[in-house]
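In: Turn this into a model:
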Amino acid sequence: MYDANNVFARILRGELPAAKVYETDKVLAFMDAMPQSDGHTLVIPKAQARNFFDVDPDTLAELIKATQIVARGVKRAFNPDGIRIAQFNDPAAGQTVFHLHFHIIPCYENQALRAHSREMADPAVLKAHAERIKAALESGA
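Out: Model (predicted):
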């Protein structure tokens, strides 16, 4: 069952702040508040969906397209050695916010990822990272 008061639903309603990166009428991308690496970005549908199995296929198609667009921007902005795209379903798989979302996690050689959902980042740093990604998306370079 979908909880309309989860943190991502509250971000979508404007009740909580987020360092936004990309938005359409169907999706929103923003910086993960507890990033595993610099540039860690989340992409969510605006539709209510608890996980991958609850989402309408057309919404999922828009979500994955947006994930690819944003991942390209993250790649241009941060120049990582690799990028992990992750999506978790239910607590046993690591899902901590029960609104469907994709993680875009830049990975760097010889740099371990920080723990998932552990330490809040400085909002000013997240905002600066969001601006880097937005600039990369706008330049299309």
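In: can we go C-alpha only for contacts and neighbour counts from here?
Out: OK.
In: For this structure, which segments count as strands?
Out: 20-23, 27-31, 41-45, 82-86, 102-107 (DSSP state E).
In: Tell me which of those sits most buried.
Out: strand 41-45 (a mean of 27; mean count of other C-alpha atoms under 10 Å).
In: Figure out how far it is from the centre of its chain.
Out: 3 Å (C-alpha atoms, centre = their mean, to the nearest Å).
In: What mean pLDDT does it get?
Out: Strand 41-45 shows a mean pLDDT of 98.
In: Could you do stretch 98-112 as well?
Out: 95.
In: CA atoms only for that stretch - export them in PDB, please.
Out: Below are the C-alpha coordinates for stretch 98-112, written out as PDB (Å, rounded to 0.1, in the frame of the first residue of the first chain):
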ATOM      1  CA  PHE A  98       8.500   3.500  -0.300                       C
ATOM      2  CA  HIS A  99       8.100   5.600  -3.500                       C
ATOM      3  CA  LEU A 100       9.600   4.100  -6.600                       C
ATOM      4  CA  HIS A 101      13.000   5.700  -7.400                       C
ATOM      5  CA  PHE A 102      16.200   5.100  -9.300                       C
ATOM      6  CA  HIS A 103      19.600   5.900  -7.800                       C
ATOM      7  CA  ILE A 104      22.300   7.400 -10.100                       C
ATOM      8  CA  ILE A 105      25.500   6.800  -8.200                       C
ATOM      9  CA  PRO A 106      28.800   8.000  -9.600                       C
ATOM     10  CA  CYS A 107      31.700   5.600  -8.800                       C
ATOM     11  CA  TYR A 108      35.300   6.500  -8.700                       C
ATOM     12  CA  GLU A 109      38.400   4.300  -8.800                       C
ATOM     13  CA  ASN A 110      40.000   3.800  -5.400                       C
ATOM     14  CA  GLN A 111      37.100   5.600  -3.600                       C
ATOM     15  CA  ALA A 112      34.600   3.500  -1.600                       C
END
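In: Not counting it itself, show me its contacts.
Out: 2-3, 6, 8-9, 36-45, 48-52, 55, 67, 71, 74-75, 78, 80-88, 90, 113 (C-alpha atoms under 8 Å, 6 or more residues apart in numbering).
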